[in-house]
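Undergrad: have a look at this prediction, sequence included:
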Amino acid sequence: MRILPTLFITLITAGLGFLAVMHQLHGNLYFIFGAPPLKAGGTLYQFDPADVGRINILNSDGTRAELVKAGGVWLIKEPWDDYADARAVRALVEFAAKLRIEDVIKREEVKDMADYGLKKSRIEVQMFDKSGGPVCHFKMGRYTSWRGFDPDFKSEDPTARPPSFPTLIINPAEEDQEDYLYVCSDIPDPRIREDKMRDYFAGGLKVFRDHRVFYNSPGFAGEITIKEKNSEITVKRDGLSKTDDWRITKPYELASSPAAINKLLGGLAALQAGAVLDESALALPDPLPDNIDYTISISYYLPDGSLSTPVTAIFYPPENDQVTSIPVIVSEGPEKKRSAVLLVPNGPGTILDSIPRSVNTIRSRTMTSLQVRQVESIKISDFMGRAVDLTLEMNPHERARRWYARVFQEDPPSSQGPQYDGPANIFQINELFQALFKNEVKSFTNDASTDPAEYGLDQPIRKILINLKDAEPAIFVVGEKLRPQYFARRADNGRPLEISEEAYEAGLKGVKHRELEIVARPGNNLATQATGLELLGLDRPKVVQFEEVTIHLGKVNARHFFANRLDEKGYHSPHVVEIGADKIGQMPLEAYQWRGERLWNINRFEINGLSIEKKGEAALDLTYNFYASEWSATRSGKDVTALLNTNKAEKLLKKLTDIEVKKWIGPMVEDAANRLIEPDLQITVLVEEIDETGKPVGTVRRQLKISQIVEGQANRLLFGKTDTNPSYFLIDLPTVQRLSVQLLEE
């Protein structure tokens, strides 16, 4: 009778031992009892997206794909042997790594898997790590009406709802989880993708084939060459740091425009095909110069600092004017090319159309092609010996470096020293820097000049020496030359338009010309009678007939200004640019124009009183004691201290001691002199002068006059003058409004 209990205990013991051994070997007993479902709120898979090295896809249309990472590059081996689109691959990997479980459905409770999109419309994805080990394997079903929410969302607004995401059905193919369906949130990173993941599998997996012309980012490029039938342009930089500027090395050594380079790099990075075809799908002629339109080659910096073999995109011409895309093939080196033909959108408004491909669109369009950050000092001079030295010096009051100006009126400087030596007017500095380093030139006149006299450069009206921080000084000269200009307008009070010499000659010969067609349009008439025609040669015009319209042609000799950089030996370089006449005014040599923007040097504690006179009002006289902060006011002999707003008076006093001039306009300005005979605002300041020992020596009067430039109209700037400086100046309206504040309460 004891045999049965003993046998029963033995079997139980053996079974428990077997389970213990299996648990020790496998870590769990899921293969016997089945695995429990994963919990809602967690992620379906746990892996590092960077570890994925191979992906197999079975699409709902039966298409199979194999994606392999080799040498840091994703390749698609099936259904094509080509580059894979790394952006699409990354989107898929990030999708799998972020699948957040919202709900669990037992498979045994599902009557028809088709209801969940897991039959004919299912998508199957399998991922492996770089050593070939499995990472995840799942079947992707349909999207649901359920929305998932980001549990990590944080906001300062407690009522703000977290962003929601669509959910879809995922059926893991791993043996321990295949009995469950999971409702998972599709949480896209907007920096990687914006579309739903199932949309990536439309069109026979074509989205996973790389549509970009250049697989590697042009941001890592070191050299770019654009070849057309009759030209070749090369831009290059010495490294990948921010200080390594791009420069043009062919056809000339020229500085490049940072904006144009950014446009070039951005365009090349975004350049992609609308469709990618196999080589056999389109018969193209050999890529010989006569058969192609142009090529763009990029050499990339390698980890050792050398440049790679160029990757060259070969652009074929369009078959006709109606086609909207052109074929492009990509060569990666001798006897090596991508086994695909890319059909790239072409025409106005396309990315290809926006890529700069000429020297004049890529080169720097500023006069000096330099950056302000490179500049240490500047000297501007002319043939009369006038000169302005601008240097960066430490300002002890501001505890920072600022520009100082020393202005000389003869060369060599007289024993009396500079006519002005002090802080440079910051507004004038800004104008100069705009002219030298920011504003565009009018045109690139000549890149092969051999005669400086042709542009007045042999007798320059300006010589500009720029000392640079990390390079040899740069020297520029500006010349002046009279050149003909041509104008035309309709005889019936048409709008004057500048035309080319070619159009002018065509008009005299009675030959049609596009520019004359524009002049002849009826819409070019003026509403009022034209003035200043003598300046355009239209006061005594050549009268011609053009398509039954009478046209006046004018010709005048106008001043043109040209700039040229000298080489290291002081010889003229072959590159001449034309600059606007206004640029000469931005390079002044008169001392008053460089005077600091601060109007005068008066301290509050030195002021004993003010007299304020506004046009049409009686004068308001104020006395002030700085140390006691006491004010008194009289008007027309009457004490009005009780009506004085001392807070406004204090602000007025502060502004008076800190007035900034927008521009000094010199001592010989007839309009300003006339307008200031009866100023709109006159302020007299009583200042107690202090000697070098700190003792008061008496009271002096300092006078400020301000008047509108045009009476009765809105004036953004106004005329001004003090009795201590012979030069008139311009002052801005906000400053004048603060100086003319109403001090007496009504």
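TA: Noted; the coordinates are in hand.
Undergrad: tally of neighbours for residue 452?
TA: Under the neighbour criterion other C-beta atoms under 10 Å, residue 452 is assigned a count of 20. Where you see a C-beta, it was placed from the backbone N, CA and C, and this is true even at glycine.
Undergrad: low-confidence stretches in the stretch 301-450 of the chain?
TA: Counting by pLDDT under 70, the stretch 301-450 of the chain contains low-confidence residues at 397-398, 411-416.
Undergrad: all strands for it, in order.
TA: Along the stretch 301-450 of the chain, the stretches classed as strands by DSSP state E, counting those that start in this stretch are 311-315, 325-333, 336-337, 341-345, 375-381, 387-395, 400-408, 420-423, 443-446.
Undergrad: switch those over to CSV; also include mean neighbour count and distance to residue 355.
TA: Output for the strands of the stretch 301-450 of the chain, formatted as CSV (neighbours: other C-beta atoms under 10 Å; distance: least, C-beta to C-beta, whole Å):
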stretch, mean neighbour count, distance to residue 355
strand 311-315, 21, 11
strand 325-333, 18, 13
strand 336-337, 13, 21
strand 341-345, 20, 11
strand 375-381, 19, 32
strand 387-395, 17, 39
strand 400-408, 19, 39
strand 420-423, 17, 46
strand 443-446, 16, 20
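Undergrad: Serialize those strands to JSON lines and add fields for distance to residue 657.
TA: Compiled in JSON lines, the strands of the stretch 301-450 of the chain are given as follows (distance: least, C-beta to C-beta, whole Å):
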{"stretch": "strand 311-315", "distance to residue 657": "65"}
{"stretch": "strand 325-333", "distance to residue 657": "68"}
{"stretch": "strand 336-337", "distance to residue 657": "74"}
{"stretch": "strand 341-345", "distance to residue 657": "63"}
{"stretch": "strand 375-381", "distance to residue 657": "31"}
{"stretch": "strand 387-395", "distance to residue 657": "18"}
{"stretch": "strand 400-408", "distance to residue 657": "20"}
{"stretch": "strand 420-423", "distance to residue 657": "16"}
{"stretch": "strand 443-446", "distance to residue 657": "48"}
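Undergrad: which among those is found nearest to residue 359?
TA: strand 443-446 (8.3 Å; C-beta to C-beta).
Undergrad: just checking, next helix/strand downstream of the closest one?
TA: Past strand 443-446, heading to the C-terminal end, the next element that is a helix or strand (DSSP states H and E) is strand 462-468.
Undergrad: buried set for the strand or helix carrying residue 92?
TA: Element membership of residue 92 [criterion: DSSP H and E] is helix 86-97. Using 16 or more other C-beta atoms under 10 Å as the test for burial, helix 86-97 gives 86, 88-97.
Undergrad: show me this structure divided up by domain.
TA: Here the chain is described, according to automatic domain parsing, as comprising the domains 3-32, 35-208, 218-362, 598-739.
Undergrad: going by mean pLDDT, which of those comes out lowest?
TA: Averaged per stretch, pLDDT over the domains of the chain is lowest on domain 3-32, reaching a mean of 54.
Undergrad: count of neighbours near the nearest residue to residue 333 once chain neighbours are set aside?
TA: For residue 333, the nearest residue in space outside its immediate sequence neighbours is residue 309; the separation is 4.4 Å by C-beta to C-beta, 6 or more residues apart in numbering. As a burial measure, residue 309 scores 14 neighbours (other C-beta under 10 Å).
Undergrad: tell me how many other residues crowd residue 109.
TA: When neighbours are defined as other C-beta under 10 Å, residue 109 has 7 of them.
Undergrad: apart from its chain neighbours, what residue comes closest to residue 183?
TA: In space, and not counting its chain neighbours, residue 183 is closest to residue 103: 4.1 Å by C-beta to C-beta, 6+ apart.
Undergrad: what about that neighbour, distance to residue 146?
TA: To residue 146, residue 103 is 7 Å away according to C-beta to C-beta, to the nearest Å.
Undergrad: list residues touching both of those two?
TA: With contacts taken as C-beta atoms under 8 Å, 6 or more residues apart in numbering, residue 103 and residue 146 have residue 183 as neighbours in common.
Undergrad: strands of the stretch 1-150 of the chain, start to end?
TA: Taking DSSP E, counting those that start in this stretch as the criterion, the stretch 1-150 of the chain contains strands spanning 52-58, 64-70, 73-78, 82-83, 100-106, 123-129, 134-149.
Undergrad: so for the helix or strand containing residue 559, what gets flagged as buried?
TA: Using DSSP H and E, residue 559 maps to strand 549-566. Taking 16+ other C-beta under 10 Å as the neighbour-count basis, strand 549-566 is seen to contain the buried residues 549, 551-555, 560-566.
Undergrad: and if you look at stretch 456-471?
TA: Using 16+ other C-beta under 10 Å as the burial criterion, the residues of stretch 456-471 that qualify are 456-457, 460-467.
Undergrad: pLDDT and distance to residue 409 added to these, as a markdown table?
TA: Supplementary listing: these in a markdown table, determined by pLDDT from 0 to 100; distance: C-beta to C-beta, whole Å:
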| residue | pLDDT | distance to residue 409 |
| --- | --- | --- |
| 456 | 94 | 23 |
| 457 | 95 | 24 |
| 460 | 95 | 18 |
| 461 | 95 | 16 |
| 462 | 96 | 16 |
| 463 | 96 | 16 |
| 464 | 97 | 18 |
| 465 | 96 | 18 |
| 466 | 96 | 22 |
| 467 | 95 | 22 |
